[in-house]
Each structure stands twice: as C-alpha cells, then as structure tokens.
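[1] 3D model of this:
(2 chains)
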Protein chains: 2
Amino acid sequence: MTRLTFGVDIGGMSIKAGIVDGTGKLLCRAAVATEPESLSQEAIMARTADLLTSLMLQEGLEPSELDAIGMGAPGTSENETGRLIFAGNLPFRNTPMRRLLRQRFDLPVFLGNDANVAALAESRVGEGRGCDSSIVVTLGTGIGAGVVIQDRVYAGFNGAGCELGHMLLIKGGVPCTCGRRGCVEAYCAAPALMAQTKAASLAHPDSRLHQMIQAQGGQVDGRVVFDAREAGCPVAAAAVAQYMDYLADSLVNFINAYFPERLILGGGVSAQGEWFRQALEAMVLERCFDLGDLPQTSLALASLGNEAGMIGAAFFARDCLQDGLDGTRV
Amino acid sequence: MTRLTFGVDIGGMSIKAGIVDGTGKLLCRAAVATEPESLSQEAIMARTADLLTSLMLQEGLEPSELDAIGMGAPGTSENETGRLIFAGNLPFRNTPMRRLLRQRFDLPVFLGNDANVAALAESRVGEGRGCDSSIVVTLGTGIGAGVVIQDRVYAGFNGAGCELGHMLLIKGGVPCTCGRRGCVEAYCAAPALMAQTKAASLAHPDSRLHQMIQAQGGQVDGRVVFDAREAGCPVAAAAVAQYMDYLADSLVNFINAYFPERLILGGGVSAQGEWFRQALEAMVLERCFDLGDLPQTSLALASLGNEAGMIGAAFFARDCLQDGLDGTRV
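    Model prediction:
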C-alpha cells in the first residue's frame, strides 16, 4: 500500500491542505480562508485541523492510514520544536504549531518554510526532476526562494532558509520591506514591478501604457506593462527591459552563489511564459561567471502552480521521518 | 597505521606540497616557484612531481604507503577527468593534470578548486571545526570563497565552486576583472582596498595617510591605510570605514544566501586581527536578515594560514576515494 501524508500550505490568504501519495500525487485537496485579521493563531490552527479531518472523511481514511502532517508556512520556523517563530503578515509569533495540531491528531507534525517545501516539490516531481540541484525563485508579493541540493532542502545551519530576496542588488538603492536598501526584492518582486510601471506611466502620459492603465480605472497590476509591451508600446517595452535587467542580474547572483543545475521561476510574473523564460535565460547566460566548457545552469518555469506547497510539505514530512526526526516533541 | 595522502596547492607564485596524516597534520612540506611566465604546463607539473618525490624520500616512504594525491588549483577544474580547465594567470588550459602526474605516480589523483579545498581544511581542523556549515572567504588578490555544508565541499552541479566574489554588490558599479561591473571583488579584494586607499590619499595630500605612503616611496599596499588609521589619521579611518562597509554588506549577502554556522575570513586583509573581526561581526549581525530568536552566523579569522590549501587538498582526495570516485580516469 502506498504511503499517505498530509501536506498543508499556510498562507496569508488561505490555508490549503491535501493528502499526498507516495508518488507525489495529490489525492484530494481543500482550502479555507485564513482571515488573519479576525482570527487568533489558535483559531487558525483549529480551522486547519478541521480541514484535515474533512479530507480524511472525504477519502474514507482513518488517521492510522496517514504517516505524518507536513506544513509549509511563510517566515521562520523551528522544526525541532514545531514552532512558527514569525510569519510576516500572519498573527503567528512563537506559535506551537505542532502542539496545536497534535491536540487533534496523533501523528508526527513537521514544519518547514513555504518556499523551501515548494522548491522540494518542484525538484522532485516538477521542473527540477532529475537535477543535482535546483533553486525555485517565486516572483510574488515578495521574492521567495528555496534551494534543493541533492534532493534535500538546504535551509542553513539554523533552518532559516535562504533569504535570496534580501541579498543586495544595488547597495544603498531603493528601500526594501526588510528595512535595508537595495535588496533584490525591492527591484524584482511584483510590487516593485508595479512601482516601476507606475513611474513609467506617469513620466509618459501620452503612452499606450498610460492609456491602458487609465482604461482599468488607474489600477496598476503586474500584468499591464507586459500587455502594453505586447501591444507595441515603447515605454512599456523599456520598463519591461529594465525590470528584466534587474531580474537577470539578481538571478546571476543566485547562480554565482550556488551553480544549481536548474533555476526555476514561479509566481505571478513568471506567468508571462516561454518568451520571458527564453529572453531571461539568454541574459543570464551572458552575464554568469564564465565557466569555459562546463555546463551552465538552465532556466525553467515552475510547473506545479499552487499545488507545490502542499506536495512539498508532504515530501518534507517524509524526509524528516526518514532522517529520524521527532515530530512529536513540543 | 594512519593513512597518508599528498596535498598539493598550485598557486601563481609557488607550488606547495605536503604529506598529510589521518588527523590532518602536515608531516612534512616543501615548495617550489611556479614561474608561469617561463615554464610550460608540462614543466610545471614535472616540477610538482619532483616535489612529491623529494617529500617521499625525505620521509623514507614508498608510493604504496600513500593513498592518493589531492590537488587544489585556482580557477575551474573538472575532477571527473582530472583536467584543469582554466586558472587565471597560470598557463593551464584544459590541462590533463591527472594524466601528467600519473605518468610518475601510480596513485589516484583528484583535483579541486583551491578556495574550496582550503575551506574544507578550515572546516575540519580549523575555525569551522564542529560547525554544521561554514564559508571561508579569502580577501586576497581576488575574493576566494569555499562553502562547506555538512562536512563536504559544496561546488555546484558542475563542480565549478561558488563564485561569491562575482556576485554584484552595486549593479553597474566599478569595473571588475571578470568583465562585469559592481562585483564584490571590485570593492573588497586587496587591489580594491589599495585603489580606495590611493584615492583617499590623493584627495587629502595633507593627511597622515598621504605622508605614510610617501614615506614608503609612494607604494600603496593593503596595510598602510590600517596603519595610518591606527596612527590616528581621520582620512585613513574614513577609508577603512568605507571598505568595511562594503565588506560587511558583501558578507551579509553571503550569509543571507547560505546561513552558514560560521563565516571565516582569510587572506592578507584578515591579518588585521581581532578588532577587525569584532567590528565586522557587529556590522554584519546588525544588517543580516532578522531571524528573531534563531542563532546567527558567527565570524572567525582563518587559523591554518597557507597550510590550508595542502591539508584541504589531502582531505578532498580522501573524500573522493570514500565516494568511490575514479582518480585514474583521464
């Protein structure tokens, strides 16, 4: 009988959970809203436990038929004690995630970083399959990054994960959410792209880009600059070129640090698809440290979408079991 | 009987070789000049073989009493075939290092990057002893960096090593030897410090710094700015502060990428010693990504000096043997 594992993806908007089989296939999935503004951490975890119970009922499973609960959460967690230390916009501070879930389930519970576990899923059953090493970079509200080396998440000696988005791209540059200036995230995350789009539009009120933004009620999203470029607007084309220049240099930094076999792009911006991947890969290969005849890192687009977090959380839990970690210690 | 391994450190100035025992102790060592301007790659490797023979004679050993030859060389090597692909200022281009040495010794030969193998030595018997992970950053003519994760060199999927010195610190900044602009090496290597010193001195011809440079015949080295600062020169103090600001941000980038348990500084500039380490560590900890209560990376000064390359090359060869790699394939 194939093994079954819960995979839980804790996000600011929703909590997603699924049951994952031995091959990394999601047998079933469900989600509830997180509502961090109105719910306590205890209430959010009770809601998560309800979600897991409903999945079991739906599949006609007993708890004994599952081997563990794996969770991925934003921010910094401590898997040793199962605590989520902090998680950005979520009301989690030193939250005993493992203890709260084990009040309802007699299963080992393991807790990892959401970007790391998603990277594990991409590495095993997505675009990193068969690679010696891969980095998944998620271009979203922030820059998430997960590093997988020889089939295992690399998260530093303290398990904090790799904060690639908070490496400097331009020392002393524009302010970042982390309090420093010039981080990759301040140039390459979706809000940065939107700010760059807005600035280009304001500087060129007669541009097609400006018209298109006006046509959507003045709202700037992460897509309009690409759409305007596609429609032939030179102002948008210049803004996209500038953004891709920032992004290419950031990815080159990640590559020069790690030389992963594959660098996988996820998140909203990567939905631009194949032309975007190709153009970026060409820029990156030209700028990477020259390795002569040695093989170079290739770029891919993430293929698991928002299932990566659940699948990866389940994989992470199995790795922890295999490594003999104690998923019951609180 | 303890195992014995040759450790060879190929440098632009000299070739150093030693016999290393099972505990990482150098039983004996010797060196010859490399003379890359007058010698061919074959002649340099013949000279290296002579050096190894002389060490065996000196210790009264037979080749059968040694298990392997480990080599560390600058640049990019391919351990699979034992070729040194290129090595900066040295006349090595796709050089069959293994084949050349095996013409004289019936021993497996393994070839790694000099910074990587030195990091392995610091990690096992130097300042990284007992750490889950460590990065050794050498502040020399360039910025060398070696990453050791769970007791093994991490060198990327292609074995190229980690080019931390060619990550951008200031996109579009000052030109780097690699052809790009704004790399860490262009701000933090010894030549960069000397250029910064020279500029400060020229801008302040009445400074103590300028006087001290004049007193040494106009020669600027990597030490004078520290000496002038020590002597109370405010111009030198400002130049040192600027250099340390660049260096601290660069080290923070390395830490945010890897979160190693220890970051170890080597090379000429690190000879400034404990005040330098303490000041830099304080800057780095203040700037690193905030991890709440999680433990942070600590800074140390390399302790093996120029023996690290030989000891590390021997360790590297043993790791290769243990991993079952073929040290005879050419």
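[2] With adjacent residues omitted, what lies nearest to the residue of the stretch 1-150 of chain A found nearest chain B?
    Closest residue of the stretch 1-150 of chain A to chain B, C-beta to the nearest C-beta: residue A:132 (4.0 Å). For the C-beta atoms, the positions are set from N, CA and C on the backbone; glycine is no exception. Nearest non-adjacent residue to residue A:132, counting by C-beta to C-beta, 6 or more residues apart in numbering or on different chains: residue B:157, 4.0 Å away.
[3] Give the burial count for the one you found, as a bare number.
    Here the number of neighbours of residue B:157 (other C-beta atoms under 10 Å in any protein chain shown) works out to 20.
[4] and it, what element?
    Using DSSP states H and E, residue B:157 sits in no helix or strand.
[5] Just want the phi and psi numbers for the residue nearest to residue A:137 when sequence neighbours are not counted.
    Excluding its sequence neighbours, the residue lying closest to residue A:137 (C-beta to C-beta, 6+ apart) is residue A:145, at 5.1 Å. Taking degrees, to the nearest 10, you get phi -150, psi 140 for the backbone angles of residue A:145.
[6] repeat for residue A:211
    Torsion angles, degrees, to the nearest 10, at residue A:211: phi -60, psi -50.
[7] again, but for residue A:170
    Dihedral angles for residue A:170 - degrees, to the nearest 10 - are phi -140, psi 100.
[8] residues in contact with it?
    Contact partners of residue A:170, counting by C-beta atoms under 8 Å, 6 or more residues apart in numbering or on different chains, are A:182, A:187, B:168, B:170, B:171, B:172.
[9] Ok, residue A:86 next?
    Residue A:86 neighbours (C-beta under 8 Å, 6+ apart): A:75, A:76, A:92, A:93, A:94, B:292.
[10] gap between the residue nearest to residue A:137 and residue A:305?
    Residue A:145 is 17 Å from residue A:305, where distance means C-beta to C-beta, to the nearest Å.
[11] Tell me which of the two has more neighbours.
    residue A:145 (26 against 10).
[12] So that one versus residue B:11, what's the distance?
    Distance from residue A:145 to residue B:11, by C-beta to C-beta: 35 Å.
[13] just to revisit the earlier point, OK, contacts around the residue nearest to residue A:137?
    Counting by C-beta under 8 Å, 6+ apart, residue A:145 makes contact with A:115, A:119, A:135, A:136, A:137, A:138, A:161, A:162, A:163, A:164, A:165, A:254.
[14] Which of the residues you listed fall in strands?
    Among those, the members falling in strands (DSSP state E) are A:135, A:136, A:137, A:138.
[15] could I get those residues as TSV with pLDDT?
    Shown next, in TSV, are the ones in strands among the contacts of residue A:145 (pLDDT from 0 to 100):
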residue	pLDDT
A:135	97
A:136	96
A:137	95
A:138	91
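[16] among these, who's most crowded?
    residue A:136 (32 neighbours).
[17] was I right about that one contacting residue A:266?
    Yes - counting by C-beta atoms under 8 Å, residue A:266 is a contact partner of residue A:136 at 5.9 Å.
[18] joint contacts of these two?
    Jointly contacting residue A:136 and residue A:266 under the rule C-beta under 8 Å, 6+ apart are A:118, A:122, A:144, A:302, A:308.
[19] for the residue lying farthest from the centre of chain A, helix, strand, or coil?
    Farthest-out residue of chain A from its mean C-alpha position, per C-alpha atoms, centre = their mean: residue A:206, at 36.9 Å. Three-state assignment for residue A:206 (DSSP: H, G, I helix; E, B strand; the rest coil): coil.
[20] In contact with it, which residues?
    Residue A:206 touches nothing, counting by C-beta under 8 Å, 6+ apart.
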